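Peer 1: Got a sequence here, can you build the structure:
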Amino acid sequence: MFRNKKTEGELKLFRFILNKFGYKPKSLLYFQKAITHRSYHNSHDHGYSNERLEFLGDAILDSITAEYLFLKFPENNEGSLTKLKSKIVNRKNLSKLGEDIGIRDVLLYNKSRSINLATLEGNAFEALVGAIYLDGGYDKTKKVLQEYVFKNYLDFNTLLEEEIDFKSKLYIWCQRKKLKLKFKLISEQHENGQWEYIILTQINNQDYGQGKGKSKKVAEQNASKETFELLGEL
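Peer 2: Numbers count the residues shown, from 1 in each chain. Prediction:
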């Protein structure tokens with residue numbers, strides 16, 4: 001006889017996947033494996049852990065994220081897209097994603113051991129992506145990530161702003177319009193053990209944005225940003 005009635009733990013996991021990912025599991029076993037850390041296997045008789053699913057989920061997440069960024073930011077070059085993708089799929093951000101989603105509510109691990117829960121949640125998140133892929137296929141996984149995870153747990157505008165290189169963008173902008181760009185050092189001072197630089201941006205010998213910074217590089221970035229603001233391009 002096959003057991004049709006789900007246990008309390010299975011129902012909790014089913015509801016979690018449905019509520020957090022908008023996905024209705026067909027085979028719950030994939031998801032049970034995805035939330036099981038190897039430390040839990042050592043103290044129970046399951047005989048499985050989420051490591052293989054984590055490996056699969058990592059590859060699927062990388063692929064879907066790359067496609068999403070490619071289509072969402074058509075103006076960004078390869079270097080910018082690579083940096084954005086790495087910010088999304090790096091260990092620190094995946095741990096935060098796992099924590100924000102609340103994966104620890106269903107995570108199975110040996111609670112008698114001192115374990116970094118944030119790391120476990122990030123790994124389990126990747127494993128759950130792998131589980132959704134095996135259970136529902138690539139297109140369904142893409143829909144889940146784009147409509148539930150990316151939409152609800154990632155701030156792409158903030159991520160994009162963090163990666164903006166205003167100086168490079170200003171050079172590109174001037175090149176397109178065949179304008180001459182120059183950065184002029186206005187002052188450099190050393191006070192209380194720190195340097196402060198003031199840089200002025202000039203386009204075709206006309207003064208534009210001015211920026212301060214503890215290094216020339218930072219001052220140039222701030223001057224470039226202010227120039228974009230003055231030009232109405234930001």
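
Peer 1: Neighbours of Thr227, how many?
Peer 2: Other residues near Thr227 number 26, with proximity taken as other CB atoms under 10 Å. Every residue, glycine included, has its C-beta placed from N, CA and C.

Peer 1: next one: Asn204
Peer 2: Neighbour count for Asn204, taken as other CB under 10 Å: 12.

Peer 1: Can you name the residues that contact it?
Peer 2: Listed by CB atoms under 8 Å, 6 or more residues apart in numbering, the contact set of Asn204 reads Leu179, Lys180.

Peer 1: What separation is there between it and Ala223?
Peer 2: Distance, Asn204 to Ala223, using CB to CB, to the nearest Å: 16 Å.

Peer 1: Run through who's touching stretch 110-120.
Peer 2: Outside stretch 110-120, the residues that reach it (CB under 8 Å, 6+ apart) are 37, 39-40, 42-43, 91, 95-96, 98-99, 104, 107, 109.

Peer 1: From those residues, pick the one nearest Ile64.
Peer 2: Gly98 (16.9 Å; CB to CB).

Peer 1: Could you look up the SS state of the closest one?
Peer 2: Following DSSP: H, G, I helix; E, B strand; the rest coil, Gly98 is assigned to helix.

Peer 1: thought it was touching Val129?
Peer 2: No - the pair Gly98 / Val129 is not scored as a contact, 10.9 Å apart, by CB atoms under 8 Å.

Peer 1: Of these two, which one has the most company?
Peer 2: Comparing Gly98 with Val129 by other CB under 10 Å, the one with more neighbours is Val129, at 27 against 24.

Peer 1: would that one count as being in a helix?
Peer 2: Yes - in this structure, Val129 lies within a helix as judged by three-state DSSP.

Peer 1: Average pLDDT for stretch 97-107, rounded please.
Peer 2: Averaged over stretch 97-107, pLDDT sits at 93.

Peer 1: List the contacts of it.
Peer 2: The contact list for stretch 97-107, computed with CB under 8 Å, 6+ apart, reads 12-13, 16, 20, 35, 37, 117-118, 120-125, 128, 149, 153-154.
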